[in-house]
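> following is a predicted model, sequence given first.
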Amino acid sequence: MKESISLESIEKLIYEEERPWGKFRRYPHQIVSSLKIITVNPGGWLSLQYHRRRSEYWVVLDSGLEVTLGSRSWQPKPGEEIFIPANTPHRLKSSGSQPARILELWFGSSDENDLVRVEDAYGRD
């Protein structure tokens, strides 16, 4: 993907449709380079990290999480959608008593090695 991804460009590609039973949201899978569900155990947290070659889009699936994005930290509600631009420090923590999950979409040419850890509680570089 050569073009820069922005929140606005992703939002334009999300499609939502109402149905008699509720609704669905379809995300732009054609331009996604990876799709994951991340589960964080109670008391666990990911490294404070950023990525050079990808942006991420998170959909919060469960309560009990704390998100840090740049200098802002908050506890998102299930269904909240969060855009993380490339080169932006971010972290996910579990603040609840049950495992909690996010759906993560990657935008950009990237792999698992496109990770710069700023802080890590598990002794990884």
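Okay, I see it.

> give me the number of residues near Ile84?
Around Ile84 there are 21 other residues, counting by other C-beta atoms under 10 Å. The C-beta positions use only the backbone N, C-alpha and C, and glycine is treated the same way.

> that's a strand at Pro78, yeah?
No - applying DSSP: H, G, I helix; E, B strand; the rest coil, one finds Pro78 to be coil, outside a strand.

> quick one: contacts for it?
Counting by C-beta atoms under 8 Å, 6 or more residues apart in numbering, Pro78 touches Val60, Leu61, Asp62, Ser63.

> now, of the residues you listed, which are buried?
With burial judged by 16 or more other C-beta atoms under 10 Å, the buried subset of the contacts of Pro78 is Val60, Leu61, Asp62.

> TSV for the residues you listed, including secondary structure?
Below are these laid out as TSV (three-state DSSP):
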residue	secondary structure
Val60	strand
Leu61	coil
Asp62	coil
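
> returning to what we had before: out of the contacts of Pro78, who's nearest Trp21?
Relative to Trp21, the closest of the contacts of Pro78 is Leu61; by C-beta to C-beta it sits at 19.4 Å.

> for Gly79, see how far away the residue located most distally from the centre of the chain is.
Distance from the C-alpha centroid of the chain, by C-alpha atoms, centre = their mean, peaks at Pro20 (29.6 Å). According to C-beta to C-beta, to the nearest Å, Pro20 and Gly79 sit 20 Å apart.

> now do Ser34
For Ser34, the distance to Gly79 (C-beta to C-beta) stands at 21 Å.

> which one's more surrounded, those two?
Shown here are Ser34 and Gly79; by other C-beta under 10 Å, Ser34 has more neighbours (14 against 9).

> test my guess that that one contacts Ser110.
Yes - Ser34 is within contact range of Ser110, at 7.3 Å (criterion: C-beta atoms under 8 Å).

> strands along the protein, start to end?
Counting by DSSP state E, the chain has strands at residues 15-19, 22-26, 34-40, 48-50, 55-60, 65-69, 72-74, 81-84, 90-94, 100-107, 116-119.

> among these, which is nearest Ser9?
strand 100-107 (8.7 Å).

> who touches the closest one?
With C-beta under 8 Å, 6+ apart as the test, strand 100-107 has contacts from 1, 5, 10, 27, 31-40, 54-65, 92, 94.
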